[in-house]
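K.L.:
Sequence plus the predicted model coming up.
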Amino acid sequence: MSVYARRRAVNAVVMAFTLAATGFGLLWLVLVLGTLLWNGTAALTPALFAQMTPPPGSTGGLLNAIFGSVVMTLIATLIGTPTGILAGTFLAEYSRGSRFGKVVRFINDILLSAPSIIVGLFVYELMVVRMGHFSAWAGAVALAIIVIPVVVRTTEDMLNLVPNALREAASALGSPKWKVIVMVSYRAAIQGMVTGVMLAIARIAGETAPLLFTALNNQFWSTNLNAPMANLPVVIFQFAMSPYADWQVLAWGGALLITITVLFLNIGARALASWSTFKQ
Amino acid sequence: MPADIALPRVAATKARAGAPGDLLFRFLTFFFALLVLLILGGVIVALVDGAVPALRRFGIAFLYTDVWNPVTEKFGALAPIFGTLVTSAIAMLVGIPVAFGVAMFISEICPIWLKRPLATMIELLAAIPSIIYGIWGLFVFAPFVQQYIQPAIIDTLGQIPGIGALFAGPPLGIGVLTAGFILAIMVLPFISSIMRDVFETVPPMLKESAYGLGATRTEVVLQVVLPYTRIGVVGGIMLGLGRALGETMAVTFVIGNAHRISSSILQPGTTISASLANEFTEAVGDLYLSSLVALGLILFVITFAVLAFAKLMLLRLQKRAGG
């Protein structure tokens, strides 16, 4: 074989490989979502949203788990968003070039990918051991700790995209720096920052590991934040691992609910980011 | 001062340094930035504090004994550490080539109009929560593996003398191989998206020069793009590895949770995170609980080292790109 033919042949093989790899990746997306829809829609009945999690062998729904998940996600977002935005603001607006800023950025990036089960252990030692019992508060704090690095990162990135000329113009008009940040930088970067918060919510909506040792689970309706609270991920875990067919069907239903929520948040966030003011 | 005229932002800040609002806001943002460090510090303190009883009792031997007996209260971390490393290794073996193929296809080969949709779809793989991979792996993938893939592996690879032991045993569906494979699917989008990002940093001039000399696309990617982005690619791989090591729910569902070290990757095993997820809330006795926290500490140290290395690699690439 001539050199040319061999190079062309190698190229063709590699091209085919990359195509196959991409197809392979997409195949799993289709397979996972397909089987999830197939098994999950069977479980989507009105009872799923109206009844509590049942004992084995009887019918029921996931109402208490859905409620618990929404409450804890909400509290986590309320704690994590302001914290993340302010920390991200410090990194973008005050810490340019400083050593402290670099360290915070580095640590934040590590927290971003750190195993979520470690966060669960941390909050267990921090809150559950001290309070003497599992609680929804502990679950919400664990989720908030996962929200913070995501929001810090996107806030900093988005503020860095705001042109300095805007800040200079505001400063030239005599506004103090905090006003420049709040009235000019934040406004310019708001879409990106909202995107970050949406992605953070999507991230915690399906988080299971940190809730196992913090919020635990609760078979009954509970609005007491100081007590264990049912939540979708842990219920799915418990029900799917059980030998009872009724429970497994409910687990599929819960899994479908979570996935739909997460995918909508993700696609929504991407759509929002794509018409954001400043492109990267 | 003339310098102030040249630097209006500096001038404005300086002139108002005494403004109470500024001071307050600066302090507020500083405090929350500090909080990020405090969280990490808190994690370290909490884990070390919780692990002390077990480490004091078993000493360094905790790292290399493989007994895990809650009844006699003898604990060693070797089996979970082994499982964590083996599942991650399988995930990397499968995930890296596929991620590279995907990144190369999206950034260098596919038509421009297809780039965004394809990239988004691959990244949606990363958005799917890990518990979904878990339930899917348990009910859909594991039975499939048990029925079709494992018998084929046992009949072919399992018969080869020497490496046959790696693929011995009955087809159970769940096990180390299945867990590693699902991990591969989960880390694929992380690795490929970083590879794609770093491929974009290659100056077009370099690639065009290579094409101008008559190089094929494969040659351009392997001999121009890859050498240029090598540290970034390594960083992306390490980031994926960090994810694989700490991944919990997907693995817990399909690994079988057996505290033993098996030479066959078709057999059940356990990982650090799966042990924690399965046993933590049911652990009775301080020593048992403390041993589990010590497992968590080991996992934290490993992932921290891997992620820090990944980050340093990516920072180096960024610095060179002038970013």
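P.N.:
Okay, I see it.
K.L.:
C-alpha only now, for contacts and for neighbours.
P.N.:
Will do.
K.L.:
and the longest helix for chain A?
P.N.:
helix A:3-41 (DSSP state H).
K.L.:
An error on my part: the question was meant for chain B.
P.N.:
helix B:20-58.
K.L.:
On the C-terminal side of it, identify the next helix or strand.
P.N.:
strand B:68-69 (DSSP states H and E).
K.L.:
got a list of what the most centrally placed residue in chain A touches?
P.N.:
For chain A, A:R203 is the residue whose C-alpha lies nearest the centre (Cα atoms, centre = their mean; 1.2 Å). When contacts are counted by Cα atoms under 8 Å, 6 or more residues apart in numbering or on different chains, A:R203 touches A:147, A:262, B:127, B:129.
K.L.:
which of those lies closest to A:V30?
P.N.:
B:A127 (13.7 Å; Cα to Cα).
K.L.:
these two touch, right, the closest one and A:L265?
P.N.:
No: the criterion here is Cα atoms under 8 Å, and B:A127 misses it with A:L265 at 9.7 Å.
K.L.:
shaky segments in chain A?
P.N.:
Counting by pLDDT under 70, chain A contains low-confidence residues at A:1, A:276-280.
K.L.:
From A:Q219, how far out is the residue nearest to A:G68 when sequence neighbours are not counted?
P.N.:
Nearest residue to A:G68, sequence neighbours excluded (Cα to Cα, 6 or more residues apart in numbering or on different chains): A:N231, at 4.9 Å. As judged by Cα to Cα, to the nearest Å, A:N231 and A:Q219 stand 10 Å apart.
K.L.:
cool, A:M241 as well?
P.N.:
In this view, A:M241 and A:Q219 are 16 Å apart by Cα to Cα.
K.L.:
re earlier: among the contacts of A:R203, which one sits closest to A:V13?
P.N.:
A:V13 has its nearest neighbour among the contacts of A:R203 in B:A127, at 31.1 Å by Cα to Cα.
K.L.:
Dihedrals phi and psi, the closest one?
P.N.:
The phi and psi values for B:A127, taken as degrees, to the nearest 10, are phi -80, psi -30.
K.L.:
How confident was the prediction at it?
P.N.:
On the pLDDT scale, B:A127 is placed at 92.
K.L.:
Equivalent analysis for B:T87, please.
P.N.:
pLDDT at B:T87 comes out at 96.
K.L.:
Identify the residues contacting it.
P.N.:
Residues near B:T87 by Cα under 8 Å, 6+ apart: B:176-177, B:179-181, B:183.
K.L.:
Let's see that with 7 Å instead.
P.N.:
B:T87 makes contact with B:176-177, B:179-180 under the criterion Cα atoms under 7 Å, 6 or more residues apart in numbering or on different chains.
K.L.:
go on, B:V224?
P.N.:
Neighbours of B:V224 in contact, by Cα under 7 Å, 6+ apart: B:K207.
K.L.:
What of B:I106?
P.N.:
B:115, B:119.
K.L.:
next one: A:S185
P.N.:
Contacts of A:S185 (Cα under 7 Å, 6+ apart): A:159, A:162.
K.L.:
let's go with 10 Å and repeat that
P.N.:
Residues near A:S185 by Cα atoms under 10 Å, 6 or more residues apart in numbering or on different chains: A:89, A:93, A:158-164, A:166-167, A:170, A:178-179.
K.L.:
so which of these also contact chain B?
P.N.:
Counting by Cα under 10 Å from any Cα of the partner chain, A:89, A:93, A:164, A:167, A:170, A:178-179 from those sit close to chain B.
K.L.:
Quick check: the residue of the stretch 101-250 of chain B nearest chain A.
P.N.:
Nearest residue of the stretch 101-250 of chain B to chain A (Cα to the nearest Cα) works out as B:G101 at 4.1 Å.
K.L.:
and the residue nearest to that residue when sequence neighbours are not counted, how far is that from B:V98?
P.N.:
In space, and not counting its chain neighbours, B:G101 is closest to A:T18: 4.1 Å by Cα to Cα, 6+ apart. Separation of A:T18 from B:V98 (Cα to Cα): 8 Å.
K.L.:
More neighbours: those two, which one.
P.N.:
Ranked by neighbour count (other Cα atoms under 10 Å in any protein chain shown), A:T18 and B:V98 place B:V98 first, with 27 against 23.
K.L.:
in the stretch 101-250 of chain B, which spans are helices?
P.N.:
B:112-127, B:130-136, B:142-144, B:150-156, B:176-200, B:204-212, B:217-220, B:226-228, B:230-246, B:249-254 (DSSP state H, counting those that start in this stretch).
K.L.:
Indicate which one of those is closest to A:M52.
P.N.:
Across the helices of the stretch 101-250 of chain B, closest to A:M52 is helix B:130-136 (Cα to Cα), at 21.1 Å.
K.L.:
helices and strands around that closest one, which ones?
P.N.:
helix A:3-41, helix A:232-240, helix A:245-274, helix B:176-200, helix B:249-254 (3 or more Cα pairs under 10 Å, 6 or more residues apart in numbering or on different chains; DSSP states H and E).
K.L.:
got TSV for these, with distance to B:F105 too?
P.N.:
TSV is the format used below for those (distance: least, Cα to Cα, whole Å):
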stretch	distance to B:F105
helix A:3-41	5
helix A:232-240	35
helix A:245-274	22
helix B:176-200	9
helix B:249-254	28
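K.L.:
any idea which of those is most buried?
P.N.:
Of the helices and strands packed on helix B:130-136, the one with the most neighbours on average (mean count of other Cα atoms under 10 Å in any protein chain shown) is helix B:249-254, at a mean of 28.
K.L.:
Now for the residue in the stretch 101-250 of chain A that chain B sits nearest to: which residues touch it?
P.N.:
Closest to chain B within the stretch 101-250 of chain A is A:P115: 4.6 Å, counting by Cα to the nearest Cα. By Cα under 10 Å, 6+ apart, the contact list for A:P115 reads A:146, A:209-210, B:242-248, B:273, B:296, B:299-300, B:303-304.
K.L.:
of all the residues you listed, which comes closest to A:T83?
P.N.:
For those, the minimum distance to A:T83 (Cα to Cα) is 11.7 Å, reached by A:I146.
K.L.:
Run a quick neighbour tally on B:F105.
P.N.:
B:F105 has 24 nearby residues by other Cα under 10 Å.
K.L.:
Also A:R99?
P.N.:
Neighbours around A:R99, by other Cα under 10 Å: 10.
K.L.:
Return the residues in contact with it.
P.N.:
Contacts of A:R99 by Cα under 10 Å, 6+ apart are A:R105.
K.L.:
I figured B:Y64 hits B:I261, correct?
P.N.:
No: with contact defined as Cα atoms under 10 Å, B:Y64 does not count as touching B:I261 (11.8 Å).
K.L.:
Now for these two: what residues contact both?
P.N.:
B:78-79, B:81-82.
K.L.:
which residues are common contacts for B:A127 and A:L265?
P.N.:
Joint contacts of B:A127 and A:L265 (Cα under 10 Å, 6+ apart) are A:199, A:202-203, A:259.
K.L.:
Which single one of the residues you listed is nearest to A:S274?
P.N.:
A:L199 (14.1 Å).
K.L.:
hang on, isn't the closest one packed against A:T154?
P.N.:
Yes: contact status for A:L199 versus A:T154: in contact at 9.5 Å, counting by Cα under 10 Å.
K.L.:
Pull up the overlap in contacts between the two.
P.N.:
Counting by Cα under 10 Å, 6+ apart, the common neighbours of A:L199 and A:T154 are A:M193.
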